[in-house]
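> Sequence and predicted model, in that order:
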Amino acid sequence: MRLALYQPDIPQNMGAMMRLGACFKVPIDVIEPCGFPFDEKRLRRTAMDYGEAAEIVRHRSWDAFLTAFRADNTRRLVLLTTAAEANHADFKFSPADTLLLGRESHGVPPEVHDTADACVRIPIARGLRSLNVALAAGIVLAEGLRQLGIFTGKSEL
């Protein structure tokens with residue numbers, strides 16, 4: 001599995017997702033432009049000492065990401081969105097899935113949404129809008145990895 005961050009707005013959230021990727025050995029695709037300067041010094045600071053353990057692939061645009069992503073037709077793009085019908089816990093994840101997370105401020109535009117192979121949501125209390133994007137990434141990634149048997153009987157990945 002992989003995480004893909006669509007034009008992230010908040011460096012601290014990206015840092016949290018870098019830590020998540022490092023701890024679970026999940027590569028992260030960063031789809032630019034970011035809403036903050038994307039340089040090694042700032043990212044190391046926000047990811048603390050986990051930045052070097054995270055596998056980061058930068059894509060200069062959505063089109064660049066999509067070209068690289070579609071080069072392997074076995075992969076599936078799964079968008080986390082509040083607009084989805086499917087509950088993340090009912091969705092059947094695959095090792096070839098890339099979990100796509102939108103911008104904290106605006107999610108993803110319709111053309112990105114329409115490109116997803118599947119969409120999932122995390123059920124939350126009625127009347128509330130959404131979870132923090134890094135928290136949502138952790139919840140759905142953990143469920144996907146659990147379904148794939150990653151956490152069974154092992155203390156380390």
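Arrived safely.
> So what sits opposite L5 in the bridge?
The partner list for L5 in beta bridges (DSSP bridges) reads V30, L101.
> show me the contacts for it.
Taking C-beta atoms under 8 Å, 6 or more residues apart in numbering as the definition of contact, the neighbours of L5 are M14, M17, I28, D29, V30, I31, L101. C-beta: built from backbone N, CA, C; applies to glycine.
> got it, and L20?
When contacts are counted by C-beta under 8 Å, 6+ apart, L20 is found next to L3, V26, A134, A137, G138, L141.
> just checking, which of those residues belong to helices?
Filtering the contacts of L20 for membership in helices, criterion DSSP state H, returns A134, A137, G138, L141.
> in the protein, which spans are helices?
Secondary structure of the chain, counting by DSSP H: helices at 11-24, 40-46, 62-70, 110-113, 133-147.
> where among the ones you listed is the average confidence lowest?
Between the helices of the chain, the lowest average pLDDT goes to helix 40-46, which shows a mean of 64.
> In this structure R19 contacts E52, no?
No. Under the criterion of C-beta atoms under 8 Å, R19 lies out of contact with E52, with a separation of 11.4 Å.
> Neighbour count: the two, which is higher?
Legend: neighbour count by other C-beta atoms under 10 Å for R19 and E52, higher for R19 (20 against 10).
> what's around the residue nearest to the more buried one when sequence neighbours are not counted, how many residues?
Excluding its sequence neighbours, the residue lying closest to R19 (C-beta to C-beta, 6 or more residues apart in numbering) is Y50, at 4.3 Å. By other C-beta under 10 Å, 17 other residues sit near Y50.
> cool, the one 5 residues further on as well?
Using other C-beta under 10 Å, E55 is surrounded by 13 other residues.
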